[in-house]
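Novice: return atomic coordinates for the entry below.
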Amino acid sequence: KIVLTEDLGLPYPDQSEYEGGVILKDEKIVPHGFGILTTPDDQVYEGTFKDGVPDGSLVWTGNLGNKYMGEWKDGKFDGQGVLTVCNEETEELITFIGLFAEGMKFNGTLQASEGTYFGLFSSTEGYDYAEDIIPPKPDEAAPDADADTPD
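Specialist: Next comes the predicted model:
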């Protein structure tokens, strides 16, 4: 088991613990191969690392029930995966199943209490799926500007 420190230049909080395969990179020992990394705030990364960051098949478990199972590239969600996040205000779980590109949702299915959205995602807001992804309910739709109005 090794303790990761800030001087390694890795994207983890100081004092994160790692157990697994390692490699010597720039005269520093970094995660490489299969391993488990636990941060001081109890986030857990379990799977394949390359040059110190998640790369390949990995499971990330965060706070509040947040979880990602799938493919990673260069430390970001990339490829097939399932992401479940908890809305801190409503405690609702929101799930996205599909393709990720460079850490962002790209093409798939998002399920939330507001409804289900299928297709391409143009938003780059990360976890903030917001109103631009799930269409409004019919009774909340904006009035039609072309509709006839009484004189």
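Novice: and Gly119, what's its pLDDT?
Specialist: Note on Gly119: pLDDT of 81.
Novice: use 313 as the first number from now on
Specialist: Got it, the first residue is 313 from now on, which makes the last one we talked about Gly431.
Novice: show me what contacts it?
Specialist: Asn419 (Cβ atoms under 8 Å, 6 or more residues apart in numbering). The way it works is simple: take the backbone N, C-alpha and C, and place the C-beta from them, glycine included.
Novice: need the CA coordinates for the helix or strand containing it. PDB is fine.
Specialist: Assessed by DSSP states H and E, Gly431 sits inside strand 427-432. Taking C-alpha atoms only, strand 427-432 is exported to PDB below (Å, rounded to 0.1, in the frame of the first residue of the first chain):
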ATOM      1  CA  GLY A 427     -38.600  11.600 -17.600                       C
ATOM      2  CA  THR A 428     -36.400   9.600 -19.800                       C
ATOM      3  CA  TYR A 429     -34.200  11.000 -22.500                       C
ATOM      4  CA  PHE A 430     -32.800   8.900 -25.400                       C
ATOM      5  CA  GLY A 431     -30.200  10.100 -27.800                       C
ATOM      6  CA  LEU A 432     -27.300  12.400 -28.300                       C
END
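Novice: fine by me, we can end here.
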